[in-house]
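Student: Build me a model from this:
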Amino acid sequence: MQTHFQGTPFHAATSEFVTSCFWYGWGDYVVPDIYTSMRDELVAIRERAALIDMSPIPKTVFKGPDAGVLLDKLITRPVATLNEGRCLYTPWCDDAGLMIGDGLIFRLSADEYIVVGENSQSWFESHRGDLDVAVLEKTDDYGVLSLQGPRSSEILAKAVDGNWTEIGFSELAFHKIAGHDVFIARQGFTGEKGYEIWTSRDGSDVWRAVREAGAEFDILPAGEYAVDIARIEAGLILVSADYTGSGPDQKTANVAVDTTLHITPIEAGLSRLVDFDGDREFIGKSALTKLRDSQHSKRRFAGLQLSAEDTARVCQSTGSQHEALSRVYWGSTGVFLKEEQIGRASSICWSPTVGSAIAFGFLDSNKTKEGDTVQLDLPNIDGRILGRVSATIVETPFIELKRSK
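Tutor: Numbering: from 1, shown residues only. Sure thing, here's the model as predicted:
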């Protein structure tokens, strides 16, 4: 089978700074996985600022008088009250309440929205019916440049053409950068204060202008490895890494599809994003309401902090020092309490910020609570179990979130 990858709108500019040999296949695109050093790039995100190419993320435009009506039918949160120039985060589910995907909804105008998240184009379209709305696949039409870190607003003040006025979390602003029209959203996937800069297909001038504006703050381009660890530290789940979307569309991530990893928003710790009490009907509401009132609601999302001593022992005894935690583990592995499996773990990684190995847990809260010690099957990057290590159940996020401050 022939595989074809293409460059993003920022490829010509950003590829000049890749000194490693590590690239990441994302959908039909390839983006840098590491520019120079994952640790240095993560430090830039946390302490200064970093430039991240998020262009391959799937994008679907809903346009027409009934755009909001259709979205209100599809997603678990209402959009009718979402003001123009704002965005919100939401899951969308099938009839059984299983998550098809999760992501952001941008309201650009009265009758135009952009949905950003797992590829769900055909599923969205299948529910359009006679509504007056076009559902358009637009992944290739936009470049998305994420500027993340505590100095990000200062950098934008220098980068935009004209005056920059700070915007609040989940607000949008329309500007020009290097003469190109962009819209900027106060959002991100790292837990830090940050922004997403949306451009047209020709984005290299924008990338260079933002990098030049950030030079005095020691800005760095950051690859997918650093961003993946940043989102885990921030307690943010990711489709394909932590669950498999239940929709019919081709999955975006280049990983094996595992239908045993379908989950509901309740299991994902996202019950707060389900409009249980409103009069609005949406796909999956009936099923989710029943699940909320059953034992299903006892399945909890939590953080896991792995024992350094156990991890070192397992790696040493199996000669796997270079295999364990060499990348974020996308998949699922067992979590046990006294030999009984009480859940699973995903997104296992070494966190330089926390100073230990961490993971997400999807656990039976009837049998566990915060502070308990459980056992976790430690896999290598290919999924082979190296041994069992102890882990402590902790709250998420693993770091202080600063994105809305």
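Student: Which segments of the protein make up each domain?
Tutor: As assigned by automatic domain parsing, the chain contains the domains 11-50+142-222, 59-138, 295-405.
Student: Mind checking those domains for the one nearest to residue 233?
Tutor: domain 295-405 (4.8 Å; C-beta to C-beta). To be clear about C-beta, it is placed using only N, CA and C from the backbone, and glycine gets the same treatment.
Student: which residue ends up closest to the midpoint of the protein in space?
Tutor: residue 238 (4.7 Å; C-alpha atoms, centre = their mean).
Student: mind checking pLDDT for it?
Tutor: Residue 238 is assigned 97 on the pLDDT scale.
Student: Against residue 227, how distant is it?
Tutor: 10 Å (C-beta to C-beta, to the nearest Å).
Student: Do I have it right that residue 171 meets residue 184?
Tutor: No. Using C-beta atoms under 8 Å, residue 171 is not in contact with residue 184; the gap is 9.1 Å.
Student: circling back: what's the nearest residue to the residue nearest to the centre of the chain if we skip its chain neighbours?
Tutor: Closest residue to residue 238 apart from its sequence neighbours, by C-beta to C-beta, 6 or more residues apart in numbering: residue 231 at 6.5 Å.
Student: for residue 25, same thing?
Tutor: Of all residues not flanking residue 25 in the chain, residue 254 sits nearest, at 4.8 Å (C-beta to C-beta, 6+ apart).
Student: Please, which helix or strand holds the nearest residue to residue 161 once chain neighbours are set aside?
Tutor: Nearest residue to residue 161, sequence neighbours excluded (C-beta to C-beta, 6+ apart): residue 176, at 4.1 Å. Using DSSP states H and E, residue 176 maps to strand 172-177.
Student: Please name every helix or strand in contact with that strand.
Tutor: strand 180-185, helix 204-214 (3 or more C-beta pairs under 8 Å, 6 or more residues apart in numbering; DSSP states H and E).
Student: Show me the one of the ones you listed that comes nearest residue 245.
Tutor: Closest among the helices and strands packed on strand 172-177, using C-beta to C-beta: strand 180-185, at 22.9 Å.
Student: Name the next helix or strand following that closest one along the chain.
Tutor: By DSSP H and E, the next helix or strand past strand 180-185 is strand 194-199.
Student: Local confidence estimate at the residue nearest to residue 238?
Tutor: Reading off the confidence values, residue 231 has pLDDT 98.
Student: That one against residue 194, yeah?
Tutor: No. Look at residue 231 against residue 194 with C-beta under 8 Å: they stay out of range, at 11.7 Å.
Student: could I get stretch 176-192 in PDB with only the CA atoms?
Tutor: The C-alpha coordinates for stretch 176-192 follow below in PDB (Å, rounded to 0.1, in the frame of the first residue of the first chain):
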ATOM      1  CA  LYS A 176      -3.700  40.600  10.000                       C
ATOM      2  CA  ILE A 177      -0.200  39.100  10.400                       C
ATOM      3  CA  ALA A 178       2.400  39.800   7.800                       C
ATOM      4  CA  GLY A 179      -0.400  41.100   5.600                       C
ATOM      5  CA  HIS A 180      -2.500  37.900   5.800                       C
ATOM      6  CA  ASP A 181      -6.000  37.700   7.300                       C
ATOM      7  CA  VAL A 182      -6.100  35.500  10.300                       C
ATOM      8  CA  PHE A 183      -8.400  34.800  13.200                       C
ATOM      9  CA  ILE A 184      -7.000  34.100  16.600                       C
ATOM     10  CA  ALA A 185      -8.600  32.000  19.300                       C
ATOM     11  CA  ARG A 186      -7.600  32.000  23.000                       C
ATOM     12  CA  GLN A 187      -7.200  28.300  23.200                       C
ATOM     13  CA  GLY A 188      -4.700  25.500  23.200                       C
ATOM     14  CA  PHE A 189      -3.800  21.900  24.100                       C
ATOM     15  CA  THR A 190      -1.100  22.400  26.700                       C
ATOM     16  CA  GLY A 191      -2.700  23.900  29.800                       C
ATOM     17  CA  GLU A 192      -0.700  27.100  29.400                       C
END
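Student: Mind listing what's buried along it?
Tutor: 177-178, 180, 182-192 (16 or more other C-beta atoms under 10 Å).
Student: Tell me which stretches of the chain form helices.
Tutor: Under the criterion DSSP state H, helices of the chain are mapped to 11-14, 38-47, 67-74, 121-126, 152-159, 204-214, 224-233, 285-292, 308-318.
Student: Tell me which of the ones you listed sits most buried.
Tutor: Most buried of those, by mean neighbour count (mean count of other C-beta atoms under 10 Å): helix 224-233, with a mean of 25.
Student: Which strands or helices does that one pack on?
Tutor: Helix 224-233 sits against strand 23-26, helix 38-47, strand 340-351, strand 356-364, with contacts defined as 3+ C-beta pairs under 8 Å, 6+ apart.
Student: Put the alpha carbons of it into CSV.
Tutor: Coordinates of each C-alpha in helix 224-233 appear next as CSV, following Å, rounded to 0.1, in the frame of the first residue of the first chain:
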residue,chain,number,x,y,z
GLU,A,224,4.3,16.7,18.6
TYR,A,225,6.2,14.8,21.2
ALA,A,226,6.5,17.8,23.5
VAL,A,227,2.9,18.8,22.9
ASP,A,228,1.6,15.3,23.6
ILE,A,229,3.3,15.3,27.0
ALA,A,230,2.1,18.8,27.7
ARG,A,231,-1.6,17.8,27.1
ILE,A,232,-1.2,14.8,29.4
GLU,A,233,0.3,17.0,32.1
